[in-house]
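K.L.:
curious how this folds, go ahead:
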Amino acid sequence: MARTKQTARKSASGKAPRVRLILGPPASTSGKASKGISRTTARSSKTTRGASMETTSSLSSLTTVPSSPASDTISSAAPRESLVWTINKYCYLCHDGSRYLFCCDSCPRVICERCLGLVEVDPTLCDPDVKFKCPGCHELDERDAKSKWSPYYAFTRNEHGVPVQVLKKPVFMTGVCERASKAQVCADSILILHLVCTGMEHRGSLPQLLHMTLKEYHTEDSLTYEEVTFDLGTNTKLAQWIRKAGHLGARLAARDFGRKIIFVTVHSEVTCGDLFAGKNEGGEDVATAIEDFMHHVFSPPLHELVHASTLFMLTCGHLVAFEESFMAMKQAITRLRPEYTILFTAPDFISAVTKMFTVAYSIQVLIQGHTFHEILLDLLNVSLDLRMHTDLLSLRQLLVTDILGTTAIDAHGAILCPLDAQDVVPFGHGPNQNVT
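P.N.:
Numbering: from 1, shown residues only. The predicted model follows:
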């Protein structure tokens with residue numbers, strides 16, 4: 001006979017009985033039966049304008065030579081108080097540090113002297129009255145002016161109200177000047193929160209991959225990673241989780257994070273789309289209804305972290321395959337108000353296929369600062385394994401209103417349809433069967 005072997009499955013689905021979670025009020029009033037902390041690193045960021053700095057031993061992810069983030073010491077040419085953004089830590093062209101990083105007066109970007117082609121830096125370039133315009137802002141200004149393109153001098157100062165070029169010759173870029181005009185190297189403080197249902201395998205998980213990618217661009221004070229296991233399988237375990245979530249939420253809510261990315265790794269029930277809550281007294285899996293799961297997992301004050309975050313639900317597509325569970329998920333999202341929620345439709349979803357998507361997301365959104373919904377298709381274009389495995393649902397909460405917009409994207413990156421919050425969405429039960 002043919003040789004065979006067994007390997008543990010990675011997909012996040014299975015069967016489990018529904019249980020009632022009775023601690024605290026239910027998340028909805030429909031009357032339906034209701035169906036574990038790691039070290040932290042902190043956040044902060046400071047930069048300089050046209051400052052001279054010493055190199056450090058940290059390595060940039062895009063070069064093999066030592067790089068140096070902008071110094072925490074503000075020079076005599078410090079940024080003006082009128083700047084309301086957080087100035088970047090690294091050159092947006094080479095993603096590296098340098099002895100000199102020149103801060104643009106029109107945006108948060110900084111450019112190193114190497115990418116500007118400056119063999120020697122004249123100290124006058126760091127004078128307080130000298131203004132610097134990065135290549136991206138120069139390109140945008142030229143495009144808006146709709147006139148003949150002018151040479152890029154980069155540095156100017158006002159003399160009798162007239163802008164005068166500081167350099168005698170235009171700047172000839174020597175770096176890789178192929179970034180988008182909006183690209184930068186963001187310095188926003190970031191929280192990565194990973195909530196894992198007990199019994200789920202999470203070694204080498206997507207949140208860990210995201211954390212490793214971002215560490216190259218952050219200090220210990222500006223990047224926080226938390227991985228927490230939860231178990232709501234019994235009333236006693238539920239009460240323990242409520243206390244743990246309370247302490248965790250209070251500690252993290254006191255921090256001012258620029259961006260919050262939340263992952264929930266959990267199984268989904270194959271017959272109704274419920275989400276696994278944990279283990280019962282006998283050690284068996286139990287599931288609970290979506291509204292109760294989201295209410296208790298994100299119990300106060302942990303629910304405050306979800307607001308304006310990006311929420312990745314790493315579970316199989318049974319959650320969205322059933323109308324009842326999908327509509328309950330949309331109601332929970334409307335209540336918790338994350339800015340973006342990402343769901344997957346594969347009935348046997350494997351998170352490993354989203355690794356390229358996660359890396360591209362970290363670079364283009366969290367580092368270069370692009371808006372997620374504007375470059376979503378670009379992220380899918382570089383995620384071949386993801387496109388072969390599953391369709392994707394992107395739910396965007398318009399934070400200034402109460403509108404929840406949903407976009408279904410098939411495995412080839414085609415937008416199947418936009419949906420509004422009131423739509424009842426009948427999803428198919430087979431792979432890649434979405435709304436048409």
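K.L.:
just after the lowest-mean-pLDDT helix or strand in the chain, pick out the following helix or strand.
P.N.:
One helix or strand of the chain scores below all others by mean pLDDT, DSSP states H and E: strand 51-52, with a mean of 40. Once strand 51-52 ends, the next helix or strand along the chain (criterion: DSSP states H and E) is strand 100-103.
K.L.:
now do that next one, average pLDDT.
P.N.:
Averaging pLDDT along strand 100-103 gives 88.
K.L.:
strand partners of that strand, parallel vs antiparallel please.
P.N.:
Strand 100-103 sits in its sheet next to strand 51-52 (antiparallel), strand 110-112 (antiparallel), going by DSSP bridges.
K.L.:
which other helices and strands does whichever helix or strand comes after the longest one contact?
P.N.:
I take that to be strand 110-112. Downstream of strand 110-112, the first helix or strand assigned by DSSP H and E is strand 131-132. Here strand 131-132 touches strand 155-159, going by 3 or more CB pairs under 8 Å, 6 or more residues apart in numbering; DSSP states H and E. C-beta here means a position set from N, CA and C on the backbone, and glycine is covered the same way.
K.L.:
okay, buried residues for the strand it packs on please.
P.N.:
155-157 (16 or more other CB atoms under 10 Å).
K.L.:
pull the longest helix from this structure.
P.N.:
Counting residues, the longest helix found in the chain (DSSP state H) is helix 235-253.
K.L.:
spatially central residue for this structure, please.
P.N.:
Nearest residue to the geometric centre of the chain (CA atoms, centre = their mean): Ile261, 4.8 Å.
K.L.:
go ahead and confirm that residue touches Phe312.
P.N.:
Yes. Using CB atoms under 8 Å, Ile261 is in contact with Phe312, at 7.3 Å.
K.L.:
tell me where the model's unsure across the stretch 251-400 of the chain.
P.N.:
Applying pLDDT under 70 to the stretch 251-400 of the chain flags residues 399-400.
K.L.:
where exactly do the strands run in it?
P.N.:
259-265, 268-269, 275-279, 285-288, 310-314, 340-344, 392-397 (DSSP state E, counting those that start in this stretch).
K.L.:
could those strands go into JSON lines alongside distance to Leu223?
P.N.:
Formatted as JSON lines, those follow (distance: least, CB to CB, whole Å):
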{"stretch": "strand 259-265", "distance to Leu223": "10"}
{"stretch": "strand 268-269", "distance to Leu223": "30"}
{"stretch": "strand 275-279", "distance to Leu223": "29"}
{"stretch": "strand 285-288", "distance to Leu223": "33"}
{"stretch": "strand 310-314", "distance to Leu223": "15"}
{"stretch": "strand 340-344", "distance to Leu223": "20"}
{"stretch": "strand 392-397", "distance to Leu223": "25"}
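K.L.:
the residue lying closest to Cys134 once chain neighbours are set aside and Asn235: what is the separation?
P.N.:
Using CB to CB, 6 or more residues apart in numbering and skipping the chain neighbours, the partner closest in space to Cys134 is Cys104 (3.9 Å). Noted for Cys104: a distance of 56 Å to Asn235, by CB to CB, to the nearest Å.
K.L.:
so between the two, which is more surrounded?
P.N.:
The residue with more neighbours, out of Cys104 and Asn235, is Cys104; 24 against 13, by other CB atoms under 10 Å.
K.L.:
who's in contact with the closest residue to Gly233 other than its chain neighbours?
P.N.:
Sequence neighbours aside, Gly278 is the residue nearest to Gly233 in space, at 3.3 Å (criterion: CB to CB, 6+ apart). Counting by CB atoms under 8 Å, 6 or more residues apart in numbering, Gly278 touches 197-199, 230-234, 237, 285-286.
K.L.:
same thing but at 6 Å, please
P.N.:
198, 231-233 (CB atoms under 6 Å, 6 or more residues apart in numbering).
K.L.:
of these, keep whichever come out buried.
P.N.:
198, 231-233.
K.L.:
for the stretch 1-150 of the chain, give me the ranges with low pLDDT.
P.N.:
If you take pLDDT under 70 as the line, the stretch 1-150 of the chain has these spans: 1-14, 22-85, 145-147.
K.L.:
Leu118: which of the strands of the stretch 251-400 of the chain is closest?
P.N.:
Counting by CB to CB, Leu118 lies closest to strand 259-265 out of the strands of the stretch 251-400 of the chain; the figure is 32.6 Å.
K.L.:
that closest one to strand 275-279, inter-axis angle?
P.N.:
For strand 259-265 against strand 275-279, the angle by axes from the mean of the first three to the mean of the last three CA atoms, to 10 degrees is 70 degrees.
K.L.:
show me what strand 259-265 is packed against.
P.N.:
Judged by 3 or more CB pairs under 6 Å, 6 or more residues apart in numbering; DSSP states H and E, strand 259-265 is in contact with strand 190-197, strand 310-314.
K.L.:
what is the mean pLDDT for the longest one?
P.N.:
Confidence over strand 190-197, taken as the mean pLDDT, stands at 97.
K.L.:
I figured Ile375 was touching Leu366, is that so?
P.N.:
No. Between Ile375 and Leu366 there is no contact under CB atoms under 6 Å: 11.8 Å.
K.L.:
more neighbours, the two?
P.N.:
Leu366 (24 against 18).
K.L.:
residues in contact with the more buried one?
P.N.:
No contacts exist for Leu366 under CB under 6 Å, 6+ apart.
K.L.:
would you mind measuring from it to Cys107?
P.N.:
Distance from Leu366 to Cys107, by CB to CB: 17 Å.
K.L.:
which residues touch the residue nearest to Ile333 when sequence neighbours are not counted?
P.N.:
With CB to CB, 6+ apart as the criterion, Ile333 has its nearest non-adjacent residue at 5.2 Å, and that residue is Thr341. Contacts for Thr341 (CB under 6 Å, 6+ apart) come out as 311, 333, 395.
K.L.:
now for the residue nearest to His267 when sequence neighbours are not counted, how many residues are close by?
P.N.:
Counting by CB to CB, 6+ apart, Phe276 is the residue found nearest to His267 once chain neighbours are left out, at 4.1 Å. A count of nearby residues for Phe276, using other CB under 10 Å, gives 27.
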